[in-house]
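[1] Structure for the following, please:
(2 chains)
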There are 2 protein chains.
Amino acid sequence: MVKKDEFTVTPWEVKGKVDYDKLIKKFGTSPLDEDLLKRLEGIAGSMHIFLRRGVFFSHRDLNLVLDDYENGRGFFLYTGRGPSGPMHIGHIIPFIMTRWFQEKFGVNAYIELTDDEKFLNDEKISLDYSRKWSYENALDIIALGFDPDRTFIFQDTEYIRNIYPMAIKVAKRVNFSTVRAVFGFRNETNIGMIFYPAIQIVPTFFEKKRCLIPAAIDQDPYWRIQRDIAEGFGYFKAAAIHNRFLPPLTGPEGKMSASIPETAIYLHDDEETVRKKIMKYAFSGGQATVELHRKLGGNPDVDVSFQWLWYFFEPDDNRLKSIEDDYRSGRMLTGELKEILIERINEFLEIHRAERENAKKKIKEFKESGRLAQEMNAKIIE
Amino acid sequence: MVKKDEFTVTPWEVKGKVDYDKLIKKFGTSPLDEDLLKRLEGIAGSMHIFLRRGVFFSHRDLNLVLDDYENGRGFFLYTGRGPSGPMHIGHIIPFIMTRWFQEKFGVNAYIELTDDEKFLNDEKISLDYSRKWSYENALDIIALGFDPDRTFIFQDTEYIRNIYPMAIKVAKRVNFSTVRAVFGFRNETNIGMIFYPAIQIVPTFFEKKRCLIPAAIDQDPYWRIQRDIAEGFGYFKAAAIHNRFLPPLTGPEGKMSASIPETAIYLHDDEETVRKKIMKYAFSGGQATVELHRKLGGNPDVDVSFQWLWYFFEPDDNRLKSIEDDYRSGRMLTGELKEILIERINEFLEIHRAERENAKKKIKEFKESGRLAQEMNAKIIE
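    Here you go, the predicted model:
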């Protein structure tokens, strides 16, 4: 049983109400503070909503990444996706962030599809299944607008020939005690999972530059191991920026779960499904009756619809403020707040659906024929 | 300390005087008995010296392999080499046996070069080093006369793309407890070594037939795991025949060791080196002086030169019997016995050197362009 106020964050489990300040202390990362964000804004020329609103809240060595950029050494981006099923709104946060960095800094981005890991980690997932979802997920990722000549999308079981030599070099430096301590592996853990961290670490060595990894905070344990061994190989310690989990529709605890469809809005959800899910499941900060709501007002701090507008769907600060004021005062009812969110999500998904359809023609560029993909397919990493 | 009569046999260590009868009980294999050998001889039309003289002394399911051959289902051969340095006479025993089976039964043979394992297992071995020796060892193996259209030689780091999907399927069925119990892995074992058994098991699934593995008995732990999981994948339990370790020159304990060059005759040793090593190091069953030797006779049961003639270099039973009688009676001195061995080894190595030179032109066939190699390079195993 998880005790009140306790929470678990590992690459394979997020449980309880995550205390992000505690997580920063526990993981030994640094908060993304105002000074650093201002410096980033100064160089990038703008500030993405995910940074401004604190979706990304923690980092490792982002300051050094900016130093490297300014002194001309450069950096590269790396993130990934575990293809265990369809992607929801929460899954694309690191990709939107990665794409933004690529656009603002003109750097290469590497995107790993971990079909091996998802197969190894779940008795119910076949390798064919995780490969099928690798393809489907790649379309959703490409739809977000990556540069086909600066982005390489690779799937572990397909690209293994190129990364295995470096993976075993990493593996030789990591023992069972370490992965047991870092990931909670046990004697019953299968030997594929035990080896897998070596695979996920390799892309941080794709270039002899600093690697910036925009990813959810649950992936940080991999980078901790990477940072212990990277310099021994003559590479840089990986830098990272960590995002929070977008709260599940159903309430502020845990993260959206692929196995509980009502907690999430999927990229493939149609307009009617979005409406139904938000109306039915979105956890409300409103009062029990309209009368009470008008009198006491709603609580945007716990209202999931408001949270989603805050983190993702309402980039305009003034409009957000006026929604917040209206809701808190009781002038805006929960149903009205939900209507705003439904409209925004459906606008977003309509564009996404079109871009995803286009992605089917582009996927070959990202995996094989684009400039970076060609270069990477010709290269053995070691 | 190893107590008297105690011994250790694992894929990475052979220590003490090996009691092969005890090993059969400990590993749960079966002795290669007269009836089975006669049946094999009946089908093959002849009996190889290694079988007749007991170099191969133990097996798993060889009877079923012969059943499969007779009822037309067929079988295939698999063996391998850990490319940690130059090969000596002891290393080629499983390959000579494999080649004999290939010739007599007309079946495919798969030969794995485990450059990953040797790199992972030894702090002092770099990946470049184990790859260099993969090439050099392949030449020695090809020199033994394999059929280029029925033999596929593959090196793990090069062929990994084709075997990784099946390797992770195997890995998903094997946990840390199992490899700890079977191989003695510990918390300090690196995660590459922990995963490696999955790689070595995959080639037993290269065909949907029974796989016969001629290999030294120390490799048996891999096949034990394979036999636990094979039928769950719809494949056959691997069959195996196990060879003893040719005794080191220096005495009957342990096995020839690459790290102690005087214990072994290398395939690259020239005539003079062979002479010097045998004369200087070959453990003698003779008496302290010529006078005593003439009077008391020598002991062929502990004399390493005689053992080598027995196991490998004197296939003629009558000639061997007469050497044994002469030595045991004192008519033949240790020096004379050694001269016979030196001559035989040098005859063998002279032919080997020539064949090894030819192998440089053939290696591409075995890895890429031969019939079986082409087929295997076009195929993903899963």
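[2] only C-alpha atoms for contact and neighbour calcs from this point on.
    Will do.
[3] Check which element follows whichever helix or strand A:Lys321 is part of along the chain.
    If you go by DSSP states H and E, A:Lys321 is part of helix A:317-329. Sequence order places helix A:334-364 as the next helix or strand after helix A:317-329, per DSSP H and E.
[4] Return the residues of the stretch 1-150 of chain A in contact with chain B.
    A:116, A:120, A:127 (CA under 8 Å from any CA of the partner chain).
[5] Can you name the residues that contact the residue in the stretch 1-150 of chain A that chain B sits nearest to?
    Closest approach between the stretch 1-150 of chain A and chain B, counting by CA to the nearest CA: A:Leu120, at 5.7 Å. Taking CA atoms under 8 Å, 6 or more residues apart in numbering or on different chains, we find A:Leu120 in contact with A:190, A:192-193, B:168-169, B:171-172.
[6] from the residues you listed, which is closest to A:Gly82?
    A:Gly82 has its nearest neighbour among the contacts of A:Leu120 in A:Met193, at 13.3 Å by CA to CA.
[7] State the distance from the nearest residue to that closest one once chain neighbours are set aside to B:Asn187.
    Leaving aside its chain neighbours, A:Met193 sits nearest to A:Leu120 (6.1 Å; criterion: CA to CA, 6 or more residues apart in numbering or on different chains). A:Leu120 sits 21 Å away from B:Asn187, going by CA to CA, to the nearest Å.
[8] Ok, A:Cys211 next?
    For A:Cys211 relative to B:Asn187 (CA to CA), the value is 30 Å.
[9] still on that earlier bit, please name every helix or strand in contact with the helix holding A:Lys321.
    Secondary-structure packing of helix A:317-329 (3 or more CA pairs under 8 Å, 6 or more residues apart in numbering or on different chains; DSSP states H and E): helix A:334-364.
[10] Mind listing what's buried along the helix it packs on?
    By neighbour count on 16 or more other CA atoms under 10 Å in any protein chain shown, the buried set for helix A:334-364 is A:334, A:337-342, A:345-346, A:349, A:352-353, A:355-356, A:359-360, A:362-363.
[11] The residue nearest the centre of chain A sits in which helix or strand?
    In chain A, the centroid-proximal residue (CA atoms, centre = their mean) is A:Pro94; its distance is 3.3 Å. Taking DSSP H and E as the criterion, A:Pro94 maps to helix A:93-105.
[12] One more: A:Val14?
    Using DSSP H and E, A:Val14 falls within strand A:13-15.
[13] List the contacts of that strand.
    With CA under 8 Å, 6+ apart as the criterion, strand A:13-15 contacts A:7-9, A:218, A:253-255.
[14] What are the boundaries of the helices in the stretch 201-350 of chain A?
    Under the criterion DSSP state H, counting those that start in this stretch, the stretch 201-350 of chain A contains helices at A:220-229, A:271-281, A:290-296, A:304-308, A:317-329, A:334-364.
[15] Now render these as JSON lines, adding distance to B:Arg319 and mean pLDDT.
    Formatted as JSON lines, the helices of the stretch 201-350 of chain A follow (distance: least, CA to CA, whole Å; pLDDT from 0 to 100):
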{"stretch": "helix A:220-229", "distance to B:Arg319": "61", "mean pLDDT": "97"}
{"stretch": "helix A:271-281", "distance to B:Arg319": "89", "mean pLDDT": "96"}
{"stretch": "helix A:290-296", "distance to B:Arg319": "107", "mean pLDDT": "95"}
{"stretch": "helix A:304-308", "distance to B:Arg319": "90", "mean pLDDT": "95"}
{"stretch": "helix A:317-329", "distance to B:Arg319": "99", "mean pLDDT": "96"}
{"stretch": "helix A:334-364", "distance to B:Arg319": "69", "mean pLDDT": "98"}
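[16] ok, A:Leu267 touching A:Phe348?
    No - applying CA atoms under 8 Å as the test, A:Leu267 and A:Phe348 come out as separate, 9.3 Å apart.
[17] returning to that earlier point: the helix holding A:Pro94 packs against which elements?
    The contact analysis (3+ CA pairs under 8 Å, 6+ apart) places helix A:93-105 against strand A:75-81, strand A:210-216.
[18] of all the ones you listed, which gets the most neighbours per residue?
    Greatest average neighbour count among the helices and strands packed on helix A:93-105 goes to strand A:210-216 (a mean of 26), per mean count of other CA atoms under 10 Å in any protein chain shown.
[19] What is that strand packed up against?
    Checked by 3+ CA pairs under 8 Å, 6+ apart, strand A:210-216 has helix A:62-70, strand A:75-81, helix A:93-105, strand A:239-243 packed alongside it.
[20] Now do the first one against strand A:75-81, angle only.
    Pointing back at helix A:62-70 there. Comparing the axes of helix A:62-70 and strand A:75-81 via axes from the mean of the first three to the mean of the last three CA atoms, to 10 degrees yields an angle of 130 degrees.
[21] buried residues in helix A:62-70?
    Neighbour-count burial for helix A:62-70 [16+ other CA under 10 Å]: A:62-63, A:65-66, A:69.
[22] outside of that helix, which residues touch it?
    Against helix A:62-70 from outside (CA under 8 Å, 6+ apart): A:36, A:40, A:74-75, A:210-212, A:239-241.
[23] Number of residues surrounding A:Asp19?
    For A:Asp19, the count of nearby residues is 13 (other CA atoms under 10 Å in any protein chain shown).
[24] Now it: closest residue in space that isn't a chain neighbour?
    Counting by CA to CA, 6+ apart, A:Asp19 lies nearest to A:Phe7, which is 7.6 Å off, once chain neighbours are set aside.
[25] The one you found: neighbour count?
    Look at A:Phe7: counted by other CA under 10 Å, it has 17 neighbours.
[26] same question, A:Gly370
    Neighbour tally, A:Gly370, other CA under 10 Å: 20.
[27] likewise A:Ala240?
    With other CA under 10 Å as criterion, A:Ala240 counts 26.
[28] Also A:Pro261?
    Residues lying near A:Pro261 (other CA under 10 Å) number 13.
[29] so who does it touch?
    No contacts exist for A:Pro261 under CA under 8 Å, 6+ apart.
[30] quick one: pLDDT of it?
    Note for A:Pro261: predicted pLDDT of 78.
[31] quick one, helices of the stretch 1-150 of chain A?
    A:20-27, A:34-44, A:49-52, A:62-70, A:93-105, A:115-121, A:127-142.
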